[in-house]
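Quick one, fold the following:
(chains A and B)
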Number of protein chains: 2
Amino acid sequence: MNNKISTAPLAGFMELLPQDQLVFERFRSTIVNVYELYGFTPIDTPIIERAEVLLAKAGGDTEKQIYRFSKGKNDLALRFDLTVPLARYVSEYLNELVFPFRRYAVSKVFRGERPQRGRFREFYQADIDIIGRETLGIESDAEIAAVICHTFTALGIERFTLRINNRKLLTGLLDTLCPGIQSVAVLRAVDKLEKVGTDNVIAELVANGIGQEVSQQLLMALSFRGSFAEAALVLAAPPFNTKLCESGVTELLALGQSLEALKVPAERVQVDLSIARGLDYYTGTVYETKLDDYPEFGSVCSGGRYDNLASQYCGSELPGVGISIGLTRLFDQLRSVGIDVVAAGPKTPVQVVILPMMEDNSCALSVAAALRAQGVKVLVYSEGKRFKEKLKYADRLQVPFAVIIGEDEITKGAYALKDLRTGQQWLLSLPELIQRLV
Amino acid sequence: MNNKISTAPLAGFMELLPQDQLVFERFRSTIVNVYELYGFTPIDTPIIERAEVLLAKAGGDTEKQIYRFSKGKNDLALRFDLTVPLARYVSEYLNELVFPFRRYAVSKVFRGERPQRGRFREFYQADIDIIGRETLGIESDAEIAAVICHTFTALGIERFTLRINNRKLLTGLLDTLCPGIQSVAVLRAVDKLEKVGTDNVIAELVANGIGQEVSQQLLMALSFRGSFAEAALVLAAPPFNTKLCESGVTELLALGQSLEALKVPAERVQVDLSIARGLDYYTGTVYETKLDDYPEFGSVCSGGRYDNLASQYCGSELPGVGISIGLTRLFDQLRSVGIDVVAAGPKTPVQVVILPMMEDNSCALSVAAALRAQGVKVLVYSEGKRFKEKLKYADRLQVPFAVIIGEDEITKGAYALKDLRTGQQWLLSLPELIQRLV
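Numbers count the residues shown, from 1 in each chain, chains lettered A, B, ... in the order given. Model (predicted):
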């Protein structure tokens, strides 16, 4: 025995007790079920990739955070997201896949960040993407938005807002108001609007070479938030009614129409012209999702449209649209404010525990076999403890039902079924017992 | 574009096309469902652990194969099995867990082995363990055996044999026939019996200091294979009817009785006195599972009873019993011989694809929304392609049904539902369509 080895999980790694793990599994399967409703199919790529594959397009933060190591001659790394592996996968199986290709992945990714509250080094992402070959219609962007709304509703989170914008509109507006300006820096500045406020953003825009007046005009235009109907009016007027903004406006409003056809509740969706998303990766629609009661969580589901998924790996043009939910982080955030997601469910997969009252457990095992053959999840407590301790065991596990088996029960062929939540008890034959529990 | 980056997965890493991934998911969920029927609860520990935790008890092969790296001041490694993390987990949460603790885990583990056919560097293991606190009855060993049989039957693999032995019987026999001999080396030699044959094992036993005659006597005794009833007779006679073998005999026969109570089909289970398992870890019951038609696969599910799960981390005595299925390997093996496991299922999660025949997709999206609200998994094909190409898309995905939506359909409020497997077609109202597909 060596007491010096710490058995605590490392900082930045989530580990759950059984009853919490079960909630997490339900959280995860609720999301997967919605993803499948929209025709997405699961894909599982390796956790270890060639470092050169992962770093082909990556920037400074990623290089710093990535877990990289060598084994033999191989320069390896752990994936830091699910999008880069998707790009590699689609490039590799280009001729085998059917496009548009809709895949989901709910898997762990790894980032060696400085650990802090709400940041994890190993965490689940739940991603969906639709990848087209050469073209991909705007309806895909609408379906992605519908999945987001469906997912949060299915998780029992009623009060959320999906904010949508289109990057083409932003770049069109920049080309209209301040042609020649480098748009990425401006988009990054605008993206901070909610965090740092108007004055700071204007200061940053001015620092990027945009005049004070134009900066104000820009922010004024981008401060619009509202429904698609309201957006249609605003976007038909200056400064948006120019040739340069046209394709952004068209896409955004077509997306709105498809959302209506998809019966997405209008009150959950907002056009927000200030949403830019940090990544220069996105080229069209962008999404952010906020919980109305917890704005401090930040965006809990983000993504967007990109022109070309895999330019670093293959020559084919692969436009796509996708989103990601940081599952581990969101789960942790919801727990931290006491929201028990998909809480109505049980605390254990076990539906019934069988408690034998005598030493010979064979009758208990037979009853278990009969119930399991009918699909009932059964645990037999076969340790030689006092009956009180056996009951305590079932209570601690929070199993809903117990079947108690004693001499009397066996001779009479009747079994006591006890509802451990209410204390109610019935004496049942084996067929009755099965019927009651199936 | 950089054509030099290889997008192929690394050697020793399994990656599946969507239709195969779906089979794998079904394979996995079939196993998980059986595990839950027996009252096991899911636990998910980190993939990255402290190297000292993983290597606390590990031997030479593990040290060579482990993926180890540092990040900041941390000496880290990827887990190479699910048992060591379980030992850490149980030690850490000793007071929060309810014992006996039954957990399952189906997760990836990592071993930097020399890649060869059927060996993987990243692979899924599907483990169950029952951990007691100080004591754990033999019924747990029987339940583990029942899970193995139930699992392979659920996977549609009818012809398999679970071989069971008890280490105490082996060591008892050694103490009887050749007292003072180091048992681990002998057990390892005996374990190779099926692979290398009697003569080679005898040679190895002789090399370990056992006389030729005793070696032959030993192998003769251990060559028994048969039912529990037959085993009872053999074990009542010499050389087993000694005080030294008693507890092994008692446990093995009690296990057999519990298996009967659990209605485990007798023809699937065999007592095999030569089974020892390589690990010195096991102290009682040991299991091996072979597929009758594919002995070359080796054991596809192995495990056993151990006296103390976590002696390297904590002072509590934690006896346990568990097994592991090398999921990735078994899946690969079954595919290599053309057994399509749980084959009856669909090739895509999508139940119906909606094919709009005109440019405006809003009706198609509305029908999709109505079906999804009822839980039907729907894919809308909204790209502007010719109808023939749309049908080809549905065919390639192997979706069972298509709903075709044209002008006529919309004005008449009737939708054409086509069974893509038979070619049959019906004209249905929306409520009829929903009723048909739900």
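
By proximity to chain B, which residue of the stretch 301-438 of chain A wins?
Nearest residue of the stretch 301-438 of chain A to chain B: A:Leu379, at 2.9 Å (CB to the nearest CB). (Each C-beta comes from the backbone N, C-alpha and C, glycine too.)

Wait, that residue touches B:Arg102, no?
Yes: under the criterion of CB atoms under 8 Å, A:Leu379 makes contact with B:Arg102 at 6.9 Å.

list the residues that contact both of those two?
Jointly contacting A:Leu379 and B:Arg102 under the rule CB atoms under 8 Å, 6 or more residues apart in numbering or on different chains are B:Tyr38, B:Gly39.

list the contacts for the residue sitting nearest the centre point of chain A?
Centre of chain A computed as the mean C-alpha position; nearest residue by CA atoms, centre = their mean is A:Ile325, 2.8 Å away. The neighbourhood of A:Ile325, defined by CB under 8 Å, 6+ apart, consists of A:Ile31, A:Gln125, A:Ala126, A:Asp127, A:Thr151, A:Val300, A:Cys301.

returning to what we had before: other SSEs contacting the one helix or strand the residue of the stretch 301-438 of chain A closest to chain B maps to?
With secondary structure defined by DSSP states H and E, A:Leu379 is part of strand A:378-380. Taking 3 or more CB pairs under 8 Å, 6 or more residues apart in numbering or on different chains; DSSP states H and E as contact, the helices and strands that strand A:378-380 lies on are strand A:352-356, helix A:362-373.

For those, give me TSV that also has mean pLDDT and distance to chain B.
As requested, those are arranged in TSV below (pLDDT from 0 to 100; distance: least, CB to the nearest CB, whole Å):
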stretch	mean pLDDT	distance to chain B
strand A:352-356	94	8
helix A:362-373	94	4
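
so of the ones you listed, which one's packed in deepest?
Most buried of the helices and strands packed on strand A:378-380, by mean neighbour count (mean count of other CB atoms under 10 Å in any protein chain shown): strand A:352-356, with a mean of 25.

Give me every residue in the stretch 101-250 of chain A lying close to chain B.
Residues of the stretch 101-250 of chain A lying near chain B by CB under 8 Å from any CB of the partner chain: A:102-103, A:108, A:110, A:112, A:121-122, A:132, A:135-137, A:139-140, A:142-143, A:146, A:150.

Are any of the residues you listed buried, and if so which?
Neighbour-count burial (16 or more other CB atoms under 10 Å in any protein chain shown) applied to these gives A:102-103, A:108, A:110, A:112, A:121-122, A:132, A:136-137, A:139-140, A:142-143, A:146, A:150.

just for the stretch 301-438 of chain A, where's the confidence low?
A:342-344 (pLDDT under 70).

mind listing the strands for it?
A:302-306, A:320-326, A:352-356, A:378-380, A:401-405, A:415-419, A:425-428 (DSSP state E, counting those that start in this stretch).

Pick the most buried one from the ones you listed.
Of all the strands of the stretch 301-438 of chain A, strand A:378-380 carries the top mean neighbour count, a mean of 27, counting by mean count of other CB under 10 Å.

List the contacts of that one.
Counting by CB under 8 Å, 6+ apart, A:350-354, A:356, A:361, A:364-365, A:368, A:371-372, A:397, A:399, B:37-39, B:102, B:139, B:143 sit against strand A:378-380.

and that strand, how far out from the chain's middle?
Here the centre of strand A:378-380 is set off from its chain's centre by 33 Å, with CA atoms, centre = their mean, to the nearest Å.

What of stretch A:132-148?
With CA atoms, centre = their mean, you get 18 Å for stretch A:132-148.
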